[in-house]
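*Asks:* just the structure for this:
(chains A and B)
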Amino acid sequence: MTWIMERHLRAQLERLLAEAGDRADGDAADVLRARLAANVTEGLEQQARAAPANVEDDAEDLARVAAYLDGRLTGSERAAFLASLAASARRRADLASAAALLDAIEVEPNPVPAELSARAGSAFAAPAIDAKSARPMLALPNRAIGWSLATLALLVLVPGSLVVVGGRVDWLSHSEAPVHSPGAPARLEEAAPQVSPAAPIDSFELKADAPAHGPEPSDVARSAPQPRPCEGVPAARANERSTGVDAENTMRSSSPGVPCPPPVDAADRGKMLDATGVDSEHGAAAAHRSIPTPSAILPSGR
Amino acid sequence: MSSARRSDFALVAGVLAGNSGATTRFLEIACPILWSIVRKLEPGADAESAFLHIVEALKADGYARLRAFDGRAQLSTYLALVARDALSERLAKRLAATPRTAWSAFERFFEADIRRRIAQRFPRDEAAWQDLYQDICVKLVEDDFRRVRGYDGRGSFVGYVLTIVERTLIDQVRRDVPRRRLPVAVARSSRLDQQIYIAVVWERCPADAKRVAEALRGRFDPAPQLAEIGTALQRLAAAAAFKPNDAPGRREAMPLDRLTASGVELADDSSTPEEHLLLQEEERSRAELLSAISAAAANLPSEDRCYLQTMFSATDPLPPREIARIMGCKVEDVYRLRQRARRWIAHLAERLEKRRSCPSQQDEGDLDHGTASTRAT
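*Replies:* Numbers count the residues shown, from 1 in each chain, chains lettered A, B, ... in the order given. Predicted coordinates:
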C-alpha cells in the first residue's frame, strides 16, 4: 500500500463504491485504484478461505443457480446460496460469467439452421446410449435376485398344484384338460403376462414404434417394438402430469428408473444412428468438421 | 410459481412423460437458446457438433438434467446454464486428453470472459488489454497446460479457469503499480505542492485549479482556496515539468538498433537501498491492510461480503443493474447494500488509523462494534 492509500484510504475505497457516473475522469490514478481493489479482494478472500466452500456441481445445483439468477431464490435458501458464493471465488467467477453470458444471448439471438434443428429433433428423440439408462432390468446384481424369486415361485407352485389336482398325475391326458393346438406353447402363452399394445398416455399420441431406453441404436433399428415403462401408467395419472401443480408434484416425487424417451419417427431412424453416436466426435456429422488449430499463442515447441 | 414458469414446468414434465407434442414444443423453445449459447462459446466449425452434444447431454443419464429442472427459474435460463455446463465439461475432457488440439476451442470458450475481466481490472488502459490477454494465455499454456490441467473435476470448470485468470490479473496489478517517488524539488516543498503534483502527475488530473481542488477534496482540512492552488500550480510548473503518465514503474523500452559500437548508457534497473526500503514499507502496509480487511470481514453477513467481493472485483464501479444480476436481488437492494458497505469501510479506515496510532491495540472490540453497527442497519 502506498502512502497515498494510507492517508486517503477511506476516500479511495468509497470512490470504488461510487457509481460510474459519480467519478470524474482523472480524479484518482487508475493503477492505484486497481491496486486497492485488488488488495481488498485479496483481504476478503483470506477471510473466505477460512470457511470451506461447499462445491456442488450436480444438475440440481444448476437449477438453483438458474433460480438465483432469475431472482427466484428467497429466504434461507438464498442466504445459503450467498454464503456459498461468499466462501468460494470459483463459484463467484462462474456465476458472474453465467450472468454475462445470459445477458449476451438476450442481446443477440441466433436463428437455428433448419437442418440442424431437424437433427436435434432426431437426436433428442433417439434412445439415450449412456450405460446407466441402458442397463437391463435383470442385469447383475438384479439378475441373481430375479433367479432366486423365480426358483422360490417354482418351489411353491409345483407342490401346490400337485395338492390341488389331488394326485391326478395323468392330468395331461385327461379329457377335461383344455386342448390347445399346439399344447405346451399355448400354456406358456396363458401364463405369460399380456403386454398391452402401445396406448396413448395423454392427449398426445405415442407412436407404436417408439423405442425403449437401453438398447444400442443398431438394436433399435432392427428389433420389434418394445413396451415402454411409461405406457403402463394409467391415462388418468398421465393426464395429471400434464397440468400445472399436479405435474410439479408428480415430477418432484417420481424417480422412475427408466425414463420414457420421446417418440421417434421411423423416417428419423436412419439419422439417429449418426446423430446419436455415443461420442459426438464420431459419425457422419464429424466428417465435415475441421480440426481446430492451435492459435499463435500456443508454444510452437509443444 | 408464475403461470409462465408453471407452463415451462408442465412442458418439461410432458417431455419426460414421452409426450411427442410436448417434445416438439420443447425443442422449438430449446433449440434457439442452445444455438445462441453455442454461437457464443463454440463459434466456427465445431458449432454444429457442440450443439448436438448439448442435445445429447440433455438426454444423458435418463434426462437427468431435465429432471432437475424445478420450475423456479425460467426454462430459457436453465437451458442456457445446462448448455454452458455441457460444453465446459466437454472442453475440460478434451483439454485433459489433448490440450494442444483443444486449445483453440478453449480460447473461443473463454476469450469473452477473460477480456471482460481484464477490462474490469484495467478499465482505461486499453492499450495494454491485448498484452494482458496474451500474458494470461501464456500463463495458461505454460508448463504443458499445468494450470488448466490441474482441474480435478469438482465444481465448475469455468469457475476454476476464471479463478486462475483473476489471480493472474491481481499479480499483474501489483506488478504494474509503479514505485513512485516525488522529485527532490517537490519532496522539499509544502504538503500542498506535493499533493498537487501527485494529483496532476500520478493521478492524471488536468492541471486546472478547479479540477485539482476537486481531486484534493478530503485531503486537507480546511480545503485550500482556488487561488492558492492556482499559485501552487504555477510554482510547480516552473520547478518540475508536469508530465502525466509519468509512471516510473514502466520503463521505456530501448530499441536494439540504438546500440552502437561505442555502446549505450543503460540505466541500472536494480533498486537503490532507498527504493528497497520503500518496497519493504509498502509490503508491510499492504499486509496490514489485508489483515485488517480479513478481520473486519470475519463476521459480515454473507450478503454484505458478497456485495463487497462483487464491487471490488472491478476497478471502476459496476453499474447497479449488473450488481443486482450477480447478487440475485433487485436494484433497490443494491443501494441499501452500498450504504452498509460505506459504513463498513468507514469502520475499517478508523481501525487502521487507530492501529497506526496505537500499534499494540487489539482489534477485536473495535471489529465487533463495526460489524454490529453494519448489521443493525
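*Asks:* okay, now B:Cys137: neighbour count?
*Replies:* Applying other Cβ atoms under 10 Å in any protein chain shown, we find 21 other residues in the vicinity of B:Cys137. Quick note: C-beta positions are derived from backbone N, CA and C, even for glycine.
*Asks:* averaged pLDDT, the helix or strand where it lies. What do you get?
*Replies:* Element membership for B:Cys137 (DSSP states H and E) is helix B:126-149. Mean per-residue pLDDT for helix B:126-149: 88.
*Asks:* does that helix come close to chain A?
*Replies:* Yes: interface with chain A: helix B:126-149 contributes B:134, B:137-138, B:141-142, B:144 (Cβ under 8 Å from any Cβ of the partner chain).
*Asks:* in those residues, find the pair that's most separated.
*Replies:* B:Gln134 and B:Asp144 (18.4 Å; Cβ to Cβ).
*Asks:* just checking, what packs against the helix holding B:Cys137?
*Replies:* Under the contact criterion of 3 or more Cβ pairs under 8 Å, 6 or more residues apart in numbering or on different chains; DSSP states H and E, helix B:126-149 touches helix B:75-97, helix B:99-121, helix B:157-176.
*Asks:* buried set for the last one?
*Replies:* Of the residues in helix B:157-176, those with enough neighbours to count as buried (16 or more other Cβ atoms under 10 Å in any protein chain shown) are B:157-170, B:172-173, B:176.
*Asks:* name the nearest residue to the closest residue to chain A within the stretch 201-350 of chain B, sequence neighbours excluded.
*Replies:* Residue nearest to chain A within the stretch 201-350 of chain B: B:Ile293 (2.8 Å; Cβ to the nearest Cβ). Excluding its sequence neighbours, the residue lying closest to B:Ile293 (Cβ to Cβ, 6 or more residues apart in numbering or on different chains) is A:Gly43, at 2.8 Å.
*Asks:* what angle separates the helix or strand harbouring the one you found from helix B:99-121?
*Replies:* Using DSSP H and E, A:Gly43 maps to helix A:30-50. Counting by axes from the mean of the first three to the mean of the last three Cα atoms, to 10 degrees, helix A:30-50 lies at 110 degrees to helix B:99-121.
*Asks:* and the angle from helix A:30-50 to helix B:157-176?
*Replies:* 130 degrees.
*Asks:* buried residues of the next helix or strand after helix A:30-50, list them for me.
*Replies:* Counting by DSSP H and E, the next helix or strand C-terminal to helix A:30-50 is helix A:59-69. For helix A:59-69, a neighbour-count test (16+ other Cβ under 10 Å) marks A:59, A:61-69 as buried.
*Asks:* contacts made by helix A:59-69 with the rest, please.
*Replies:* A:73, A:77-78, A:81, A:95, A:98-99, A:102, B:64-65, B:67-70, B:72-74, B:77-78, B:81-82, B:85, B:325, B:328 (Cβ atoms under 8 Å, 6 or more residues apart in numbering or on different chains).
*Asks:* please flag which of the residues you listed sit within strands.
*Replies:* If you go by DSSP state E, the contacts of helix A:59-69 have nothing in strands.
*Asks:* select only the buried ones of those residues in ChimeraX?
*Replies:* Filtering the contacts of helix A:59-69 down to the buried ones (16+ other Cβ under 10 Å) takes a single ChimeraX command:
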select /A:73,78,81,95,98,99,102 /B:64,65,67,68,69,70,72,73,74,77,78,81,82,85,325,328
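*Asks:* which ones are touching A:Gln46?
*Replies:* A:Gln46 neighbours (Cβ under 8 Å, 6+ apart): B:290-291, B:293-294.
*Asks:* ranges for the helices of the stretch 151-300 of chain B?
*Replies:* B:157-176, B:184-187, B:191-197, B:209-215, B:226-239, B:273-296 (DSSP state H, counting those that start in this stretch).
*Asks:* could those helices go into JSON lines alongside mean pLDDT?
*Replies:* Below are these laid out as JSON lines (pLDDT from 0 to 100):
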{"stretch": "helix B:157-176", "mean pLDDT": "88"}
{"stretch": "helix B:184-187", "mean pLDDT": "74"}
{"stretch": "helix B:191-197", "mean pLDDT": "85"}
{"stretch": "helix B:209-215", "mean pLDDT": "86"}
{"stretch": "helix B:226-239", "mean pLDDT": "86"}
{"stretch": "helix B:273-296", "mean pLDDT": "77"}
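*Asks:* right, I'll leave it there.
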